[in-house]
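Enquirer: Below are the sequence and a predicted model; questions follow.
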Amino acid sequence: MPVSDFELVEAWKHVLTLSKISAGQSITVLTSSATNKQTLRTAILAARSVGAIVNRLDLQPVNGALSLSRDPLAYVGVTPLTGNRPAMELLKASDLVLDLMTLLFSAEQHEILASGGRILLAVEPPEILLRMLPTLEDREKVLAASKLLQAAKTMHVTSPAGTDVQFTLGDYPILEEYGFCDQPGRWDHWPSGFLATWSNEGTAQGTIVLDKGDILLPQKSYLQDQVIFTINNGYVTNIEGGVDATLLKAYMESFNDPEVYAVSHVGWGLQERAHWSTLGLYDREATIGMDSRARAGNFLWSTGPNNEAGGTRDTACHIDIPMLNCTVLLDGAAVVKNGVLVK
Ligand code: FE
């Protein structure tokens, strides 16, 4: 449902204020052919109203002819910034980059953050941005849960459908997503509200059983049948099931890259304003599915790259897999029990 420019300008001002943007700081709005026009125009108005210097950098789309999907997260790695030194200099010199294009999983994103820049990704439709407008309480909740994750050496996930999988933790950083960028070098995503980290290389071990109604992204469908993943030494080594499994296998095979089967980030959702039902109410190309990623009490795991965590794997295929009804144990203590946050 549409929202007014006024509402979205106010929302942007709120997010920029939480991101500690003040008069005289510089914001670069990064756009491409799929950027939402209302999000762009209201971001610029809000940035001007808080006194920031605003530039817009519009880049050419890439990967369109390679990807099987129109989802911006379906084919990652090479971006319009690859080898684009003038654009990189502008972004690195900016206090805040508003990424309305999707720069995720790129060496360039890493370089901008390493130079102290901040990047806020915002590509969901305006009404989803408004519904999940970030708050200081979201930040507190994510940081409190993050303390538990930072202290944990193992994550063990089970489900009534048959999931029983272990991850050894500690070698990679924690991704704390609360929806705004209040620190130098910080990347975040509006909307969000979840935690993730990466299992130590080669340690993911066990079975993950997706149940009917669980979600694959970028497929953006509710599974009609179970999909059973066997995971050995950090890699998915077998996928079984019905039509959903057959389609997933064909999709992953199309990348012709053994690294697509690596287990990537693991974590859980903390956002009470994210809803599992949303995906069934939107056209596939209208959303990237942040509701299902961030929904409070889900378990979210993924396959593919780990370069945004400082790893070396940069495979183009990234599949996010949020699941209902899981129990997530950190060193034996539940943080999510049967799909519900432990409070
Ligand atoms: Fe992901």
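Expert: Looks like it arrived, so ask away.
Enquirer: Can I get the lengthiest helix in the chain in CSV? Just the C-alpha atoms.
Expert: With secondary structure taken from DSSP state H, the chain has its longest helix at helix 136-151. The C-alpha atoms that make up helix 136-151 are tabulated as CSV, following Å, rounded to 0.1, in the frame of the first residue of the first chain:
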residue,chain,number,x,y,z
LEU,A,136,17.0,2.4,19.8
GLU,A,137,15.1,-0.5,21.4
ASP,A,138,15.9,-2.6,18.3
ARG,A,139,19.6,-1.8,18.8
GLU,A,140,19.5,-2.8,22.5
LYS,A,141,17.8,-6.1,21.7
VAL,A,142,20.3,-7.0,19.0
LEU,A,143,23.3,-6.0,21.1
ALA,A,144,22.1,-7.9,24.1
ALA,A,145,21.6,-11.1,22.0
SER,A,146,25.0,-10.4,20.4
LYS,A,147,26.7,-10.7,23.7
LEU,A,148,25.4,-14.3,24.0
LEU,A,149,26.6,-15.1,20.5
GLN,A,150,30.0,-13.5,21.0
ALA,A,151,30.6,-15.7,24.1
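Enquirer: got the buried residues for that helix?
Expert: Buried residues in helix 136-151, counted by 16 or more other CB atoms under 10 Å: Asp138, Arg139, Lys141, Val142, Ala145, Ser146, Leu149. (Each C-beta comes from the backbone N, C-alpha and C, glycine too.)
Enquirer: Also stretch 29-47?
Expert: For stretch 29-47, by 16+ other CB under 10 Å, it's 29-32, 35-36, 38-40, 42-47.
Enquirer: Surely Arg284 and Lys220 touch.
Expert: Yes: counting by CB atoms under 8 Å, Lys220 is a contact partner of Arg284 at 4.7 Å.
Enquirer: give me the residue from the stretch 1-150 of the chain nearest the ion.
Expert: The minimum distance from the stretch 1-150 of the chain to the ion, using CB to the ion, falls at Leu73 (6.9 Å).
Enquirer: Can you give me every residue that contacts that residue?
Expert: Thr102, Leu104, Phe105, Leu217, Pro218, Ile288, His318, Asp320 (CB atoms under 8 Å, 6 or more residues apart in numbering).
Enquirer: switch the cut-off to 6 Å
Expert: Shown in contact with Leu73 (CB atoms under 6 Å, 6 or more residues apart in numbering): Ile288, His318.
Enquirer: Which helix or strand contains Asn55?
Expert: Using DSSP states H and E, the element containing Asn55 is strand 53-58.
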